[in-house]
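Student: pasting the sequence and the predicted coordinates here, then a few questions.
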Amino acid sequence: MLYFIKFLYSAFFLPPGIFILVFALSSFKLFKKQRPIAFIFIGATILLYLSSISFISDLLIRPLENKYRMPTEINGDVLVVLGGGATLDTPNLSGKGHLSSIAANRLLTCMQLYHQSQLPIILSGGQVYQTTGCEALIARQILLDVGVPNDQILIEDHSLNTTENAENVKKKLTRHGFQRPILITSAFHLPRAVCQFEKINVDITPYPADYHTNLSFRFSFRQLVPSAEALNATSLALKEYIGLLFIKWY
């Protein structure tokens, strides 16, 4: 019973479910008197519902995440980690600022690879907005806290997007003589990130992290229930597809 109440609450009384319900009720109310407007509401309801269920978000994000598989061997001379968001002033064990869940998952994979390989690390990511933290600096402090030596960490803290990540990391690679970088970023982000590095003739080994869905399809009723997490995953996937369409120009 408690599970059923929680299901109703999360599905219909929290965004985006509450908005889907309001749109659906408005469509029903308008259908007899203002049918053209009702059809607009119906279309919006369907679009919002489809965007908010993990059945659709998984279908969108899985091809991106499946493009590159984890290498069986670590064959490189430097680990390159791309940032993915950070808070500005939240209290941390040392200093201020926390990485977003996406950025933290990328850094966690980097830590695992570092303890296996002892390769130096390049952290790439600046302060994207005035209200966010500098991703590379926060990530460095976390690495220092878990015992990674400071002389094994290189900082690139000016990049504001993936295009700049590639351009600024290339400068670091050239300056320090690295030739076989291992690129660590979210699995859904790797196709676009690899294209950006290929554009500027940097040969990298892709290393996926931060998976958002299973590699193989498994259906459950829960995938048809709207959620904010699924809506966010849909947004992430669409951003990557749009970025891939325009990658020749930016």
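Tutor: Sure, I can see it.
Student: and residue 72, which helix or strand is it part of?
Tutor: For residue 72, there is no enclosing helix or strand under DSSP states H and E.
Student: can you count the residues close to it?
Tutor: 6 (other Cβ atoms under 10 Å). For glycine as for every other residue, the C-beta is placed from the backbone atoms N, C-alpha and C.
Student: that one and residue 221: what is the separation?
Tutor: Look at residue 72 and residue 221: by Cβ to Cβ, to the nearest Å, they are 36 Å apart.
Student: do residue 247 as well
Tutor: Relative to residue 221, residue 247 is positioned 37 Å away (Cβ to Cβ).
Student: quickly note the distance from residue 113 to residue 133.
Tutor: Looking at residue 113 against residue 133, where the rule is Cβ to Cβ, the gap reads 24 Å.
Student: of the two, who's got more company?
Tutor: A side-by-side neighbour count of residue 113 and residue 133, using other Cβ under 10 Å, places residue 133 first with 28 against 20.
Student: quick check: the gap between the more buried one and residue 233.
Tutor: Distance from residue 133 to residue 233, counting by Cβ to Cβ: 24 Å.
Student: what's the answer for residue 82, then?
Tutor: With the distance defined as Cβ to Cβ, residue 82 ends up 19 Å from residue 233.
Student: so which of these two has more stuff around it?
Tutor: Neighbours per residue, other Cβ under 10 Å: of residue 82 and residue 233, the larger number sits with residue 82, 28 against 22.
Student: and the more buried one, what are its bridge partners?
Tutor: Partner residues in beta bridges with residue 82: residue 124, with DSSP bridges as the criterion.
Student: for it, list the residues it contacts.
Tutor: With Cβ atoms under 8 Å, 6 or more residues apart in numbering as the criterion, the residues that contact residue 82 are 106, 124, 125, 162, 165, 183, 184, 185, 189, 193.
Student: how many residues are close by the nearest residue to residue 157 once chain neighbours are set aside?
Tutor: Counting by Cβ to Cβ, 6 or more residues apart in numbering, the nearest residue to residue 157 once its immediate chain neighbours are dropped is residue 136, at 4.2 Å. Residue 136 is surrounded by 25 other residues when neighbours are defined as other Cβ under 10 Å.
Student: now residue 28: how far from residue 210?
Tutor: In this structure, residue 28 and residue 210 are 40 Å apart, going by Cβ to Cβ.
Student: which one of the two has more residues nearby?
Tutor: Ranked by neighbour count (other Cβ under 10 Å), residue 28 and residue 210 place residue 210 first, with 22 against 13.
Student: surely that one is in contact with residue 106?
Tutor: Yes: applying Cβ atoms under 8 Å as the test, residue 210 and residue 106 come out as touching, 5.6 Å apart.
Student: overlap in contacts, the two.
Tutor: Shared contacts of residue 210 and residue 106, defined by Cβ under 8 Å, 6+ apart, are found at 84, 185, 186.
Student: bridging across strands, which residues link to the last one?
Tutor: Bridge pairing for residue 186 (DSSP bridges) gives the partners residue 209.
Student: mind listing what it touches?
Tutor: Residue 186 is in contact with 84, 102, 105, 106, 208, 209, 210, 211, 212, counting by Cβ under 8 Å, 6+ apart.
Student: what are the buried residues along stretch 82-100?
Tutor: Neighbour counts over stretch 82-100 (16 or more other Cβ atoms under 10 Å) mark 82, 83, 84, 85, 86, 87, 92, 97, 98, 99, 100 as buried.
Student: okay, helices next: where are they in the protein?
Tutor: Using DSSP state H, the helices of the chain run over residues 2-12, 17-30, 35-51, 54-66, 101-117, 135-145, 162-176, 190-199, 228-245.
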